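*Asks:* task: produce atomic coordinates for the following.
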Amino acid sequence: MRDRQHRARLSARLRRDRGRARSGPRHLRRADRLDRRGHARRARRRRPAGHLDDIDRRAHHHRSQPQHAARGACGRGRPRPGARGSRALVRVRAFHGHRYAIDRERDLGKVVAPPYDQISPEQQDLLYAMSPANIVRISYPRDEAEGGADKYARARATLDAWLAEGLWAREAAPAVYPYHQTYRVDGREVTRVGLVALGQVTDYARGEVLPHERTHAGPKQDRMRLLEATGADTGLLFMLVADPSGALLAASTPGGEPIAEARDLKGERHRLWRVTDPTTIARVQASLGGARVIIADGHHRYETAVEYARRHPGADDKLMAFFSLDGPGLTIFPNHRLVHDVEHFSLARLSDAARRWFDVAPLADPLACRPTNRSLGVVTEQGAVSLTLRPEAFDTLPWPAGTSRAWRELAVSILHEGVLKPLCDITDTKLDAKTHVDYTADQAEAVRLARTGHYQAAFLIAPTTVDELQAVVRGGEVLPQKSTHFYPKLLDGLVFSRI
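*Replies:* Next up is the predicted model:
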C-alpha cells in the first residue's frame, strides 16, 4: 500500500524538481502528451538536421497547421501569402539591461533564482530567505496577500522600491551579454556558451520561431498578470539556433573577466559578460537575424509575450538567451514516469498485456538500466522488467493519426502510445490532468520510490536527442509535452529588461 500522504508531498516537488545531472540517462524530466487532433502532415522534403532556414517553405504550403499554430496564443491567422521562399527574419538587438549592484558586486548567488516553473515551495522559501533582493520576489512571488495587495501588485511595489533605492539599476549603454554555464555530466566538465539579447516575438505561423511543445492557459494567465503589473522581463527564454559558421559561438566567447557570476541551487556555475562595442553587436545581429530559432524552454512565457505585444503594439521584444544547436554543452535528459492510482495495476498483468507488442524480460538491476528508444524499464515493489518493442510490432501500435515517423520513434511516444494509454488506461486527458503520473529526473529516485511502494511503477525511458527534436519540429509537429529536459536551467536575475 502506497503511503498517500508521502506521495502527495513528493508529487509537488517532483513536478518541479528536475534533479541534478549526475550521469547522462539517469537525470530525466517531465513529459506529457501530444494532442492527436493537432498534428500537421509531414513536409514533402526532408533536410539534414540543422537546416532551419527552409522552414518558411513548409509553413506556407497550403496544408493543415498544428494545433499550437491554429488555436494557440501565438498561432492566430494563416501564413503570409506569397511568402514562399522568402527569408523571414528574427530581429535581435542590444538593450539597457537592469542588473544588481552594477560595478559593485560580481557574485550574485544570493539574488538569482531558477525559472519560475522549476521552483518548488521549499525552494521558494529558501530563495526568499537568501536575500531581500532575490529576484524570486518579482519572478515568482508568494501567493499570500500582504497589506491587501495581491502578489502581482506586491511584485511591482517591490521592483519600484529596488529601483528607487538603486539596489538594481539600468546599464548606461545598450549591450548584449555572453552567458556561460559550466556543469558536470558523465564525469566531465562541460561549458554551454550562449548570448543574451532581445529577440522579436512573432506568431508561430510565420515560421520564424518554432515551438516543440503545447502550452496550457493557466500558466500563461499567471505570466500575463505578472508582466502587466511589473513591466519587467525577468526570465530568459532558452532559444536554439543553427550556427554552422560558428558566428554565434565566436560572439559568445569574450575576453576578460565576467561582470556577474553565480552558483545555482544545483551548484552549477553561471557567468555573464557585457559587450557594448557597436561593431561586435552588429555582427551578432547579422549572425542571428536570418536564423530560425527553436524554443527549448519558455513556451508559456513566449506565447504570453506574443499576446502582450498584441495588446501593446511595439512591445514585441523578449529577453532571450541564444545557444547553438551545433555547440558544446547542449545536454538533454529524459523524464522518468512515476505512475499511481491505476485501477487493478500489477506488474504481472502489465507484462502479460505488453507481450502483444513487446518482448518482456526480467530486469535484475534497474539502477544499471540504460533505456533506448525501443526498450524501457518498468520497476515496481514486486520486481522489475524490461519491455523491448519488437521491430514488426512498431507499425501496429495504436498511433495517433497524422503523426510522423520521427514523432513515433521518440522514446516518450512509444511509452505513451504503446504502454500508458492502451495498457494502463492513462489517456491524454488524464496525462494533462496529472491524475496518474508524476515525474523525476533522477533514475535512482524513480527506482527507490517504486521499490518502496510510494508509486505503483516507475517507467524508465531514454532521453530525446537534439536530432530527434529537430526532426519533429521541422515537420511542423510538437513533441509529447515535457519530452525534453535541458540541463542546466537558465538563471533569472543575472540581467533583466524593462518593457
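*Asks:* helices of the stretch 351-499 of the chain, start to end?
*Replies:* In the stretch 351-499 of the chain, the helices defined using DSSP state H, counting those that start in this stretch lie at 405-408, 411-415, 421-424, 428-433, 443-451, 466-474.
*Asks:* residues touching the third one, excluding its own?
*Replies:* Read it as helix 421-424. Under the contact criterion Cβ atoms under 8 Å, 6 or more residues apart in numbering, helix 421-424 has outside partners 339, 342, 345, 350, 353-354, 398, 427-428, 436. Quick note: C-beta positions are derived from backbone N, CA and C, even for glycine.
*Asks:* show me which of those residues is closest to F95.
*Replies:* Checking the contacts of helix 421-424 against F95 with Cβ to Cβ, the nearest one is D428 at 40.1 Å.
*Asks:* from W168, how far out is the closest residue to R142 other than its chain neighbours?
*Replies:* Excluding the flanking residues, the one nearest R142 by Cβ to Cβ, 6 or more residues apart in numbering is K151, at 6.3 Å. Distance of K151 to W168, computed by Cβ to Cβ, to the nearest Å: 19 Å.
*Asks:* could I get the phi/psi values of V136?
*Replies:* Backbone torsions of V136, given as degrees, to the nearest 10, read phi -60, psi -30.
*Asks:* dump the residue contacts of the closest residue to M224 other than its chain neighbours.
*Replies:* The shortest distance from M224 to any non-neighbouring residue, by Cβ to Cβ, 6+ apart, is to T304 (5.1 Å). By Cβ under 8 Å, 6+ apart, T304 lies in contact with 73, 220, 223-224, 227.
*Asks:* helix or strand: which one has T304?
*Replies:* If you go by DSSP states H and E, T304 is part of helix 299-311.
*Asks:* please identify the buried residues of that helix?
*Replies:* 299-309 (16 or more other Cβ atoms under 10 Å).
*Asks:* okay, these in JSON lines with distance to Y455 and pLDDT next?
*Replies:* Converted to JSON lines, the buried residues of helix 299-311 look like this (distance: Cβ to Cβ, whole Å; pLDDT from 0 to 100):
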{"residue": "H299", "distance to Y455": "27", "pLDDT": "96"}
{"residue": "H300", "distance to Y455": "27", "pLDDT": "96"}
{"residue": "R301", "distance to Y455": "31", "pLDDT": "97"}
{"residue": "Y302", "distance to Y455": "33", "pLDDT": "97"}
{"residue": "E303", "distance to Y455": "32", "pLDDT": "97"}
{"residue": "T304", "distance to Y455": "33", "pLDDT": "98"}
{"residue": "A305", "distance to Y455": "37", "pLDDT": "97"}
{"residue": "V306", "distance to Y455": "38", "pLDDT": "97"}
{"residue": "E307", "distance to Y455": "37", "pLDDT": "97"}
{"residue": "Y308", "distance to Y455": "39", "pLDDT": "97"}
{"residue": "A309", "distance to Y455": "42", "pLDDT": "96"}
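*Asks:* quick revisit: residue contacts, the residue nearest to R142?
*Replies:* For K151, the contact set (Cβ under 8 Å, 6+ apart) comprises 141-145.
*Asks:* and it, how far is that from A161?
*Replies:* Applying Cβ to Cβ, the value for K151 to A161 is 15 Å.
*Asks:* quick check: phi and psi at the spatially most central residue of the chain.
*Replies:* Nearest to the mean C-alpha position of the chain, counting by Cα atoms, centre = their mean, stands D297 at 3.0 Å. D297 adopts backbone torsions of phi -140, psi 140, taken as degrees, to the nearest 10.
*Asks:* repeat for Q200
*Replies:* Torsion angles, degrees, to the nearest 10, at Q200: phi -70, psi 140.
*Asks:* next SSE after the worst-scoring helix or strand of the chain on mean pLDDT?
*Replies:* Scoring the helices and strands of the chain by mean pLDDT, DSSP states H and E places helix 67-70 at the bottom, with a mean of 32. Downstream of helix 67-70, the next assigned helix or strand under DSSP H and E is strand 92-93.
*Asks:* ok now the next helix or strand after that next one, how far from the chain's centre?
*Replies:* Heading C-terminal from strand 92-93, the first helix or strand you meet, by DSSP H and E, is strand 98-100. Between the centre of strand 98-100 and the centre of its chain there are 25 Å (Cα atoms, centre = their mean, to the nearest Å).
*Asks:* equivalent analysis for stretch 264-280, please.
*Replies:* The chain centroid and the centroid of stretch 264-280 are separated by 20 Å under Cα atoms, centre = their mean.
*Asks:* buried residues in that stretch, which are they?
*Replies:* 264-265, 268-275, 280.
*Asks:* start to end distance for that stretch?
*Replies:* By Cα to Cα, to the nearest Å, the extent of stretch 264-280 from end to end equals 29 Å.
*Asks:* give me the number of residues near the spatially closest residue to C369 that is not a sequence neighbour?
*Replies:* Nearest non-adjacent residue to C369, counting by Cβ to Cβ, 6+ apart: G377, 4.1 Å away. Neighbours of G377 under the rule other Cβ atoms under 10 Å: 26.
*Asks:* for G377, list each beta-bridge partner.
*Replies:* In this entry, G377 is beta-bridged to S386, L460, by DSSP bridges.
*Asks:* residue boundaries of the strands in the stretch 101-250 of the chain?
*Replies:* With DSSP state E, counting those that start in this stretch as the criterion, the stretch 101-250 of the chain has strands at 168-170, 177-185, 188-200, 209-210, 232-233, 237-241.
*Asks:* pLDDT of the fifth one, averaged?
*Replies:* Same thing as strand 232-233. For strand 232-233, mean pLDDT is 96.
*Asks:* and it, which strands flank it?
*Replies:* Strand 232-233 pairs in its sheet with strand 497-498 (antiparallel), by DSSP bridges.
*Asks:* contacts made by the strand it pairs with with the rest, please.
*Replies:* Here strand 497-498 makes contact (Cβ under 8 Å, 6+ apart) with 95-98, 170, 198, 231-233, 317, 319.
*Asks:* now list the buried members of those residues.
*Replies:* 95, 97-98, 198, 232-233, 317, 319.
*Asks:* list just the nearest of the residues you listed to Q285.
*Replies:* Using Cβ to Cβ, L198 is the member of the buried ones among the contacts of strand 497-498 that lies nearest Q285, at 10.6 Å.
*Asks:* that closest one and H96 touch, don't they?
*Replies:* No: contact between L198 and H96 fails when scored by Cβ atoms under 8 Å: they sit 10.1 Å apart.
*Asks:* follow-up on the earlier one: list just the nearest of the buried residues of helix 299-311 to V241.
*Replies:* For the buried residues of helix 299-311, the nearest to V241 is Y302 (14.5 Å; Cβ to Cβ).
*Asks:* run a quick neighbour tally on the residue nearest to the residue nearest to the centre of the chain when sequence neighbours are not counted.
*Replies:* Excluding the flanking residues, the one nearest D297 by Cβ to Cβ, 6+ apart is F238, at 3.9 Å. Counted with other Cβ under 10 Å, residues neighbouring F238 total 19.
*Asks:* let me see the contact set for F238.
*Replies:* The neighbours of F238, taking Cβ under 8 Å, 6+ apart as the test, are 295-298, 321, 323, 486, 489-490.
*Asks:* redo that, cut-off 7 Å
*Replies:* F238 makes contact with 296-298, 321, 486, 490 under the criterion Cβ atoms under 7 Å, 6 or more residues apart in numbering.
*Asks:* tally of neighbours for S245?
*Replies:* 10.
*Asks:* and what of H212?
*Replies:* Neighbours of H212 using other Cβ under 10 Å come to 23.
*Asks:* with G314 instead?
*Replies:* Per other Cβ under 10 Å, the neighbour tally for G314 reads 7.
*Asks:* tell me how many other residues surround the residue lying closest to L163 once chain neighbours are set aside.
*Replies:* Of all residues not flanking L163 in the chain, A169 sits nearest, at 7.3 Å (Cβ to Cβ, 6+ apart). For A169, the neighbour count with other Cβ under 10 Å is 17.
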